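A.B. asks: coordinates only, sequence not included:
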């Protein structure tokens, strides 16, 4: 492969400084900014119609976003009309600030201000490319001309905002392709824009730094952000924002390291939709904080409901392995993983019982599960699923979780072989009900009538053992026979010709279940033909 074509020029800040971000820790949520309705929408093969946009907007506000970019109104009549609809219908909650995006072209800036007329408050987001490749190849501009473009755009925004005294208009500026722009130039442009809009602590400028096309590792971006953070004029009057893209698959890492480096705010989308490989996924970023014991300040307690709306609006599926939200992310097929999870859940239950606390109040410590699935609205039913790779611990967990039956440890290996042979023959995984049915069909071969009233179960078992010249293990009752309508379940084993043969019995009483389990074991050994 022609790897030599991809040598990257250095875009690290100037020498003579020492990074500090590696010694920091994330201990609070950033300011969250959703760009689902603009950056996400423009990346869709089938852009959202008004109904889907409104569904997305309502989801974002319900999830807790206070900063939402609602469109690029100069790009299309549809975007313009949606912005107007939210304003005219007074559909923007009082605690939510909307923003609108515009390139640095005079006619587009003016059209953008027309869209927000009558809003209580709004942010106008000015954006244009600043990197050398874009300057020279796309626009044919010098660095000085790019600086002039930023200043002219900012001055126009200020003039237009002064004509709308009834609207509290703030400003955002993005040097698009920041991560490929010379740091000194990016710093100069940012300083000039902050000066033009007269950024103050009371009316700060949002300075948004995009990795428009991710080309370097996240540590390089963190260096760039920290250098800006430490060298910006009016830093106290600037909300330092980042907008990572995912071309290298490291957008979440870029965002996290950027926050360590001094960023205050993150722009992204739910589940990472966006151009090419997408924007940073704000769900993953938020739940990474959550899993570290930090309040993410977003409501993601029903992850499946959030995912359903996003999939409907974007008409794109969320991958089954997507962090936190995919169908399979809390599921183990591997036998070693299943065994560890089952033991971890059992240990958590035991600790909770010992301390007299609800499991939901206990510190979460379960192997292979970084968070409790119930904290994001999932249940435990799909944690362990059984296929040809599964082990005895996972099979036992499924039976215990679904039917309250503790499979004897000595029986687990025997039944695991039965399950594996079945999955191999079918070429697929087994549902829990299929595993339960297979257990009954394999070991529960007897359905004898109930014992006569007053019959002693121990005596009946002793008679069966003597009649056939075998020794039974003590019956192993399991399950919850006291529960209304529940049947008692019992396992028993006998030694026959050097092997252990198991039987299972189910009945209304523990005595009848033990009797049936013994008869099932005899029948499986070929010793019992059904006589009483």
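C.D. replies: Here it is on my side, so go on. Treat the numbers as computed from the prediction; the structure is a model and nothing was measured. Numbers count the residues shown, from 1 in each chain.
A.B. asks: helices and strands around the helix or strand of the chain with the lowest mean pLDDT, which ones?
C.D. replies: Among the helical and strand segments of the chain, the one scoring lowest on mean pLDDT, DSSP states H and E is helix 392-403, with a mean of 85. Secondary-structure packing of helix 392-403 (3 or more C-beta pairs under 8 Å, 6 or more residues apart in numbering; DSSP states H and E): helix 335-355, helix 409-426, helix 432-443. Heads up, the C-betas are built off the backbone N, CA and C, glycines and all.
A.B. asks: is it possible to get CSV of those that adds mean pLDDT, mean neighbour count and distance to residue 111?
C.D. replies: Shown next, in CSV, are those (pLDDT from 0 to 100; neighbours: other C-beta atoms under 10 Å; distance: least, C-beta to C-beta, whole Å):
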stretch, mean pLDDT, mean neighbour count, distance to residue 111
helix 335-355, 89, 16, 55
helix 409-426, 91, 16, 61
helix 432-443, 92, 17, 58
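A.B. asks: state the distance from the spatially most distant residue from the centre of the chain to residue 527.
C.D. replies: In the chain, the residue that sits farthest from the middle, by C-alpha atoms, centre = their mean, is residue 467; the gap is 60.7 Å. Here the criterion is C-beta to C-beta, to the nearest Å. By it, residue 467 lies 9 Å from residue 527.
A.B. asks: all strands for this structure, in order.
C.D. replies: With strands called from DSSP state E, the chain shows them at 31-34, 67-71, 97-103, 121-129, 168-176, 205-211, 238-244, 265-268, 476-478, 488-496, 499-507.
A.B. asks: the closest residue to residue 44 other than its chain neighbours and residue 297, how far apart?
C.D. replies: Spatial nearest neighbour of residue 44, chain neighbours left out: residue 314 (6.0 Å); criterion: C-beta to C-beta, 6 or more residues apart in numbering. Separation of residue 314 from residue 297 (C-beta to C-beta): 24 Å.
A.B. asks: then residue 496?
C.D. replies: Residue 496 is 64 Å from residue 297, by C-beta to C-beta.
A.B. asks: same check, this time on residue 136
C.D. replies: Using C-beta to C-beta, residue 136 is found at 42 Å from residue 297.
A.B. asks: what does residue 418 give?
C.D. replies: Counting by C-beta to C-beta - residue 418 and residue 297 are separated by 50 Å.
A.B. asks: please convert the helices and strands packed on helix 392-403 to CSV, extending it with distance to residue 291.
C.D. replies: Formatted as CSV, those follow (distance: least, C-beta to C-beta, whole Å):
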stretch, distance to residue 291
helix 335-355, 16
helix 409-426, 32
helix 432-443, 28
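A.B. asks: burial of residue 167, as a residue count?
C.D. replies: Here the number of neighbours of residue 167 (other C-beta atoms under 10 Å) works out to 16.
A.B. asks: contacts only, for it.
C.D. replies: 116-122, 161 (C-beta atoms under 8 Å, 6 or more residues apart in numbering).
A.B. asks: so which residues of the stretch 101-250 of the chain form helices?
C.D. replies: Ranges of helices within the stretch 101-250 of the chain are 106-115, 132-133, 143-162, 183-196, 218-231, based on DSSP state H, counting those that start in this stretch.
A.B. asks: of all these, which one is nearest residue 368?
C.D. replies: For residue 368, the closest of those is helix 218-231, at 25.6 Å, according to C-beta to C-beta.
A.B. asks: quick one, what contacts residue 54?
C.D. replies: By C-beta under 8 Å, 6+ apart, the contact list for residue 54 reads 85, 91.
A.B. asks: who's more crowded, residue 314 and residue 297?
C.D. replies: residue 314 (24 against 16).
A.B. asks: residue 86 contacts residue 73, correct?
C.D. replies: No: between residue 86 and residue 73 there is no contact under C-beta atoms under 8 Å: 10.9 Å.
A.B. asks: higher neighbour count, the two?
C.D. replies: Neighbour totals were compared for residue 86 and residue 73, and residue 73 leads with 25 against 21 (other C-beta under 10 Å).
A.B. asks: show me what contacts that one?
C.D. replies: Counting by C-beta under 8 Å, 6+ apart, residue 73 touches 79-80, 83, 100, 102, 111-112, 114-116.
A.B. asks: the residue nearest the centre of the chain: what's its closest spatial neighbour, skipping adjacent residues?
C.D. replies: Central residue of the chain (C-alpha atoms, centre = their mean): residue 324, 2.6 Å from the mean position. What sits nearest to residue 324 in space, not counting adjacent residues and going by C-beta to C-beta, 6+ apart, is residue 287, at 4.6 Å.
A.B. asks: how about the one you found, what does it touch?
C.D. replies: Taking C-beta under 8 Å, 6+ apart, one finds 296, 300, 323-324, 371, 376 in contact with residue 287.
A.B. asks: and the least confident helix or strand of the chain, what's buried?
C.D. replies: 392-401, 403 (16 or more other C-beta atoms under 10 Å).
A.B. asks: repeat for stretch 178-197
C.D. replies: Those would be 178-183, 185-194, 196-197, for stretch 178-197 by 16+ other C-beta under 10 Å.
A.B. asks: please apply the same query to stretch 53-70.
C.D. replies: 53-57, 59-61, 63-65, 67-70.
A.B. asks: can you check stretch 299-311 too?
C.D. replies: 300, 303, 306-307, 309-310.
A.B. asks: let me know the closest of those residues to residue 515.
C.D. replies: For those, the closest approach to residue 515 (C-beta to C-beta) belongs to residue 303, at 47.8 Å.
A.B. asks: mind checking how far the closest one is from residue 244?
C.D. replies: Counting by C-beta to C-beta, the gap from residue 303 to residue 244 is 22 Å.
A.B. asks: same question for stretch 85-92, mean pLDDT?
C.D. replies: Taken as a whole, stretch 85-92 has a mean pLDDT of 97.
A.B. asks: and what of stretch 378-386?
C.D. replies: 76.
A.B. asks: low-confidence ranges in the stretch 51-200 of the chain?
C.D. replies: Nowhere does the stretch 51-200 of the chain drop to pLDDT under 70.
A.B. asks: apply 90 and report the result again.
C.D. replies: 136, 138-139 (pLDDT under 90).
A.B. asks: identify the residues contacting residue 282.
C.D. replies: 32, 34, 266, 268-270, 298.
A.B. asks: just send those back as TSV, with distance to residue 20, neighbour count and pLDDT too.
C.D. replies: Shown next, in TSV, are these (distance: C-beta to C-beta, whole Å; neighbours: other C-beta atoms under 10 Å; pLDDT from 0 to 100):
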residue	distance to residue 20	neighbour count	pLDDT
32	24	22	98
34	30	28	98
266	20	27	98
268	24	32	98
269	30	27	98
270	32	29	98
298	28	22	98
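A.B. asks: looking at these, which is nearest residue 329?
C.D. replies: Nearest member of the contacts of residue 282 to residue 329, counting by C-beta to C-beta, is residue 270, at 15.9 Å.
A.B. asks: does the closest one really touch residue 280, like I thought?
C.D. replies: No: in this structure, residue 270 is not within contact of residue 280 by C-beta under 8 Å, at 10.7 Å.
A.B. asks: sweet, I'm off.
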